[in-house]
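A.B. asks: Attaching a predicted model along with its sequence, questions to come.
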Amino acid sequence: TWSTVPAGPPDPILGVTEAFKADKDPRKINLGVGAYRDGQGKPYVLTSVQKAEALVDGSKPDKEYLPITGHAEFTKNAIKLAYGADSAPLKAGSIAATQSISGTGALRIGAAFLARHYPHAKVVYLPDPTWGNHIPIFRDSGFEVRKYAYYNPATIGLNFEGLKADLLTNAPEHSVVLLHACAHNPTGVDPTPEQWKEISDICKQRKLFPFFDMAYQGFASGSTSRDAFAVRHFVSEGHQIALCQSFAKNMGLYGERVGAFSLVTADPEEKARVDSQLKIIIRPMYSNPPAHGARIANTILSSPELYAEWETEVEGMAKRIIDMREKLYNVLTNDLKTPGEWGHIKSQIGMFSFTGLKKEQTVALAQKAHVYMTADGRISMAGLNSNNINYFAEAVSGAVKG
Ligand code: PLP
Ligand code: TYF
């Protein structure tokens, strides 16, 4: 029956982990997947999460199904975290929202909802480059996928002129525009607050639909509210945005799959209609989401003490990454005199650094030095620590010097 099914390629990001696992060299380093590691290179379970989980377990919750749109209190607290407690549509009760299977599930619900109900052409503009999974998520949901300029390889920074030109003149009115709310994956390059204001104005002028993906709230600056600037600015300007949230990174709940999808609507009556259609989208997809992770996240979000502890831990993760940026820059430039400009290692934001290494160099680094990263030269900064950073810098320096 399946004799004509062709073998597919491995996932460009998760395939790196498979190659890493197969390598037996003790010096090996995995900077492929974007998952936080502590100073010892180990997966990190936040103390606030451990405490919340103990409280959840202690309450001996039953194993009944959650409603179709999930844990209602969790969802309410999740959108409060993103939009801010003073958000006008939040206070007015006009944000439709559902729990989702982490950020990926939120994107998939959002794309499916827009594919069914958005009253304009199903065309989405994604930044070039973007998280690889965005492309099949929107394509498989029935969207035509196009790119807008984002990254300038010459400056290893934002191509803001190209971005503005694409959104002002190339994207037809009513196109959906996907925006990384903070800590752009894979480049680590974010617009400044002033640039966000211009992007908001352009979206208004051109009637573009802002669709935010916020997978790293807290990871960019260390502060969840500072990282929500773009989302909150757009909403305060009256944009009716779509928003995908993930608690994979900022609570370290990767495998628990905790997230939320929300849409700002005109009023509570419209919200109720949208909520009813979200249920109709979700019911045949997976019926209802898992309960455990949402209970943990909600315990943190609803307890002032655990919330404060969590914020400190998010800040700690962000700071350790910034510290690694500083160290890597210093070793590459001062100690090893590596040719080239490496300032971007320090200026880039969030979990990743887009090193500028070429595909051939990434292949050579894996084969010769047992150092793994994605083929686009992206490294997950969180994979670096004081035990492996010198070895890594020497390998990169060697690859650049040739
Ligand atoms: N969006 C972006 C930009 C991401 O980088 C990720 C994860 O790496 C996600 C969404 C979704 O991740 P998850 O489904 O684990 O929440
Ligand atoms: O490193 C990245 O960019 C992500 C990580 O279900 C990831 O692709 C891995 C698994 C998953 C979602 C995101």
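C.D. replies: Noted; the coordinates are in hand. Ligands and ions are numbered 1, 2, ... in the order given.
A.B. asks: Can you list the residue ranges for strands in the stretch 301-402 of the chain?
C.D. replies: 352-354, 371-372, 378-380 (DSSP state E, counting those that start in this stretch).
A.B. asks: So which of the ones you listed is nearest S94?
C.D. replies: For S94, the closest of the strands of the stretch 301-402 of the chain is strand 352-354, at 34.6 Å, according to Cβ to Cβ. C-beta coordinates here come from the backbone N, C-alpha and C atoms, glycine included.
A.B. asks: Which neighbouring elements make contact with that closest one?
C.D. replies: helix 343-347, strand 378-380 (3 or more Cβ pairs under 8 Å, 6 or more residues apart in numbering; DSSP states H and E).
A.B. asks: which of those is buried the deepest?
C.D. replies: Most buried of these by mean neighbour count (mean count of other Cβ atoms under 10 Å) is strand 378-380; its value is a mean of 26.
A.B. asks: which helices and strands does that strand pack with?
C.D. replies: Using 3+ Cβ pairs under 8 Å, 6+ apart, strand 378-380 is in contact with strand 352-354.
A.B. asks: Kindly list the longest helix within the protein.
C.D. replies: Assignment by DSSP state H gives helix 304-330 as the longest helix of the chain.
A.B. asks: Could you pull out the buried residues of that one?
C.D. replies: For helix 304-330, a neighbour-count test (16 or more other Cβ atoms under 10 Å) marks 306-307, 309-311, 313-315, 317-318, 320-321, 324-325, 327-330 as buried.
A.B. asks: Include distance to F392 when you put the helices and strands packed on strand 352-354 into JSON lines, please.
C.D. replies: Formatted as JSON lines, the helices and strands packed on strand 352-354 follow (distance: least, Cβ to Cβ, whole Å):
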{"stretch": "helix 343-347", "distance to F392": "12"}
{"stretch": "strand 378-380", "distance to F392": "8"}
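A.B. asks: Just tell me which of these ends up closest to A228.
C.D. replies: Of the helices and strands packed on strand 352-354, nearest to A228 by Cβ to Cβ is helix 343-347, at 21.2 Å.
A.B. asks: what about that closest one, distance to the chain center?
C.D. replies: Chain-centre distance of helix 343-347: 20 Å, with Cα atoms, centre = their mean, to the nearest Å.
A.B. asks: Tell me who's in contact with the closest residue to V371 other than its chain neighbours.
C.D. replies: Take V371 and drop its neighbours on the chain: the residue closest to it by Cβ to Cβ, 6 or more residues apart in numbering is L365, 4.4 Å away. By Cβ atoms under 8 Å, 6 or more residues apart in numbering, the contact list for L365 reads 357, 371-373, 395-396, 399.
A.B. asks: and the stretch 51-200 of the chain, which of its residues are near ligand 1?
C.D. replies: 102-104, 131, 180, 185 (Cβ under 6 Å from any ligand atom).
A.B. asks: and K21, how many neighbours does it have?
C.D. replies: 11 (other Cβ atoms under 10 Å).
A.B. asks: no wait, N298
C.D. replies: N298 - counted by other Cβ under 10 Å - has 22 other residues nearby.
A.B. asks: Next: P43.
C.D. replies: 11.
A.B. asks: And for the one 4 residues further on?
C.D. replies: Per other Cβ under 10 Å, the neighbour tally for T47 reads 13.
A.B. asks: And the pLDDT at it?
C.D. replies: For T47, the model assigns a pLDDT of 98.
A.B. asks: picking that back up, which one among the contacts of L365 gets closest to ligand 2?
C.D. replies: M373 (10.6 Å; Cβ to the nearest ligand atom).
A.B. asks: From K319, how far out is E18?
C.D. replies: Note on E18: its distance to K319, by Cβ to Cβ, to the nearest Å, is 31 Å.
A.B. asks: Over to I156?
C.D. replies: In terms of Cβ to Cβ, I156 sits 23 Å off from K319.
A.B. asks: Ok, K51 next?
C.D. replies: Separation of K51 from K319 (Cβ to Cβ) stands at 21 Å.
A.B. asks: Count residues in the vicinity of P9, would you?
C.D. replies: Neighbour count for P9, taken as other Cβ under 10 Å: 6.
A.B. asks: dump the residue contacts of it.
C.D. replies: G15.
A.B. asks: Please apply the same query to N385.
C.D. replies: N385 is in contact with 37-41, 324, counting by Cβ under 8 Å, 6+ apart.
A.B. asks: Retrieve the pLDDT associated with it.
C.D. replies: Predicted confidence (pLDDT) for N385: 95.
A.B. asks: Good, wrapping up.
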